[in-house]
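*Asks:* give me a model of this one.
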Amino acid sequence: MNSLSARRLLTACAVSAAALVSLAVPGGASASTCGGTTIGGQGSSLQKLAQNTLWVPAFDGSVCPSGPSHVNEYNPSGSGAGLESWGSGGAKKGTFSALNAYVGTDQPPNAAQKEEIEVQDTTAKATKSLLTIPVLQAAVAIVIHLPKGCEATSTTTPGRLSLKNSTLEGIFEGKTKEWKTIKDFGDKFLNKGTEKCPIIEKGKKVLITRVVRADGSGTTATLKKYLFLVNKKALPTDPPLAKDETWNEIAEENPNTTWPNETADPLLKEKKGSGIVTTVESTESTIGYVVIAEARTPGFTESPGTGGPKTGLFWADIENGKGTVADPASNGPEDKAADSNCEGTKYTNGKKKFPPPTSEELWNEVNSAVKQTNYTICGFTYDLSLKHFGEFPGTSTEEAQTVSEYFGYELGAGQSSLLGRDYLPLPISTEPKQNVLKIAQEGQAKIGF
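*Replies:* Numbering: from 1, shown residues only. As a prediction, this is how the structure comes out:
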């Protein structure tokens, strides 16, 4: 992809935040156009910081400062719960009222899920109204808490482990069971001071405990789809499913809570990314996965944090090429937010050309390639909207207006606000068909009643 990062483009053009909002798309939010109703959204926990710390306060405080709040605090209920609230994968019909006006998800709907939502169109128009609009990029970090008494080091990342893709896949498949089998990039386990590390004691069998999401999660889907690129074979499930499924197939489930070898090997399930962070921090001999914005806690970062290199708590570097690795954060394990290390990420879309040409297409096959200049486990997160709100029950023209205005902000000035917050803006390309931000903005421009 001949792409430019949003960071470089914004810097080069020196465009102000206000100008970006007005230039983002036709109908983008501005103080003169605000006038809809109060809306709310829910879904992806990955978006929690972006929504509630960056976008919602700025939209209500500077773009639409007059009158009552136009956007309520976003509910990080999880991507699966967000999709279910609109009728995908659940037994109940969807709710499309103003207080559930948009859905955040890192797990873009597949064809069946898109149909489950669109079939609730109460008119005879059947216009395939669901829009899947990318809003930002983020890196998924692999967080680790070594067994008591252990430290680790590697030749590529002194003081921390570096993992090959095959090892990462084996761990989450439940096939790589013991710590001592991790020997990828000169990985070595050490005694922590005077304490004895059981991994290196002769005859000791020290197992790895996987910590995964108990709820439907887009971060889970991002990881599973990446693991599919490493191992495309059907996986043994325990307890067994009707048939063995690939990583990609179990990623497409809603909720996507199935893991290989669940009962045969140690595995803990926690709700939300914050639950994984808390459990890995407090539980020795564990490995989990969270977006880097959630991993950036004192427990996993170096001074003044208490984790990081030469401790038992850290996030790992992951293989990104032959003999090379990369960190999920642009500044490594510092105790200070930076950017997701996804600059210049090469994304794939199965056998189809990436990106999909419009927000009306399916985005569920989009994934990052295993060979990158920077970090590999990167992905988009999306906000879902209706193209024609009036075709769905419980909606109003005012709801459609506020959703359009708010999305205009997310894809305008909201992009530059992501910098330095452990996210990354959408890719921009000089080639229109590869310009993800432009495709997203064109999708926002289609929102109506």
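*Asks:* C-alpha from now on. contacts and neighbour counts both.
*Replies:* Fine.
*Asks:* and stretch 63-73, how far from the chain's centre?
*Replies:* Centroid separation for stretch 63-73 versus its chain: 27 Å, with C-alpha atoms, centre = their mean, to the nearest Å.
*Asks:* any buried residues in that stretch, and which?
*Replies:* 63-65, 69-73 (16 or more other C-alpha atoms under 10 Å).
*Asks:* let me know the closest of the residues you listed to residue 80.
*Replies:* residue 73 (18.8 Å; C-alpha to C-alpha).
*Asks:* tally up the residues packed near the nearest residue to that closest one once chain neighbours are set aside, please.
*Replies:* Spatially, and ignoring its direct neighbours in sequence, residue 73 is nearest to residue 52 (5.9 Å; C-alpha to C-alpha, 6 or more residues apart in numbering). Using other C-alpha atoms under 10 Å, residue 52 has 17 other residues around it.
*Asks:* mind listing the helices for the stretch 151-300 of the chain?
*Replies:* 165-173, 218-230, 247-251, 272-282, 292-295 (DSSP state H, counting those that start in this stretch).
*Asks:* tell me which of those helices sits nearest to residue 180.
*Replies:* helix 165-173 (11.9 Å).
*Asks:* outside of that closest one, which residues touch it?
*Replies:* Contacts with helix 165-173, where a contact means C-alpha atoms under 8 Å, 6 or more residues apart in numbering, come from 176-177, 182, 184, 208, 210, 227, 230-231, 235, 259-261, 318-319, 370.
*Asks:* rounded mean pLDDT for it, please.
*Replies:* Across helix 165-173, pLDDT averages out at 97.
*Asks:* quick one: low-confidence residue ranges for this structure.
*Replies:* Applying pLDDT under 70 to the chain flags residues 1-33, 90-91, 124-126, 238-242, 350-352.
*Asks:* how far off centre is the longest strand anywhere in it?
*Replies:* In the chain, assigned by DSSP state E, the strand with the most residues is strand 130-145. Taking C-alpha atoms, centre = their mean, one finds the center of strand 130-145 at 2 Å from the center of the full chain.
*Asks:* then it to CSV, C-alphas only?
*Replies:* The C-alpha trace of strand 130-145 is given here as CSV (Å, rounded to 0.1, in the frame of the first residue of the first chain):
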residue,chain,number,x,y,z
LEU,A,130,-25.7,-1.2,7.7
LEU,A,131,-22.5,0.9,7.4
THR,A,132,-19.2,-0.5,8.8
ILE,A,133,-17.0,2.5,9.3
PRO,A,134,-13.3,2.2,10.5
VAL,A,135,-12.4,4.9,13.0
LEU,A,136,-8.8,4.1,14.3
GLN,A,137,-6.0,1.6,14.4
ALA,A,138,-4.7,-0.1,17.5
ALA,A,139,-2.1,-2.7,18.5
VAL,A,140,-2.8,-5.8,20.6
ALA,A,141,-0.2,-6.5,23.2
ILE,A,142,0.7,-9.9,24.7
VAL,A,143,1.1,-9.4,28.4
ILE,A,144,3.0,-11.8,30.6
HIS,A,145,3.5,-12.6,34.3
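*Asks:* hmm, back to that, out of the helices of the stretch 151-300 of the chain, which comes closest to residue 58?
*Replies:* Of all the helices of the stretch 151-300 of the chain, helix 292-295 comes closest under C-alpha to C-alpha, at 19.5 Å.
*Asks:* give me the element residue 80 is part of.
*Replies:* Using DSSP states H and E, residue 80 falls within helix 79-85.
*Asks:* what does that helix contact?
*Replies:* The contact list for helix 79-85 (C-alpha under 8 Å, 6+ apart) reads 42-45, 89-90, 93-95, 100, 103-107, 215-218, 254-256.
*Asks:* contacts only, for residue 151.
*Replies:* Contacts of residue 151 by C-alpha under 8 Å, 6+ apart are 159-160, 189-192, 197, 310-312.
*Asks:* how many neighbours does the nearest residue to residue 434 once chain neighbours are set aside have?
*Replies:* Closest residue to residue 434 apart from its sequence neighbours, by C-alpha to C-alpha, 6+ apart: residue 355 at 6.0 Å. The tally of other residues near residue 355 (other C-alpha under 10 Å) stands at 19.
*Asks:* any idea how far residue 355 is from residue 372?
*Replies:* 17 Å (C-alpha to C-alpha, to the nearest Å).
*Asks:* for the residue nearest to residue 144 when sequence neighbours are not counted, name its beta-bridge partners.
*Replies:* Once flanking residues are discounted, residue 144 sits nearest to residue 287: 4.6 Å by C-alpha to C-alpha, 6+ apart. On the basis of DSSP bridges, residue 287 is bridged to residue 144, residue 210.
*Asks:* just to revisit the earlier point, just the buried subset of the contacts of helix 79-85, please.
*Replies:* By neighbour count, with 16+ other C-alpha under 10 Å, the contacts of helix 79-85 hold 42-45, 89-90, 94-95, 100, 103-107, 215-218, 254-256 as buried.
*Asks:* just the ones of those in strands?
*Replies:* Among these, DSSP E puts 42-43, 103-105 in strands.
*Asks:* now render those as JSON lines, adding distance to residue 446.
*Replies:* Output for these, formatted as JSON lines (distance: C-alpha to C-alpha, whole Å):
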{"residue": "42", "distance to residue 446": "21"}
{"residue": "43", "distance to residue 446": "22"}
{"residue": "103", "distance to residue 446": "17"}
{"residue": "104", "distance to residue 446": "18"}
{"residue": "105", "distance to residue 446": "19"}
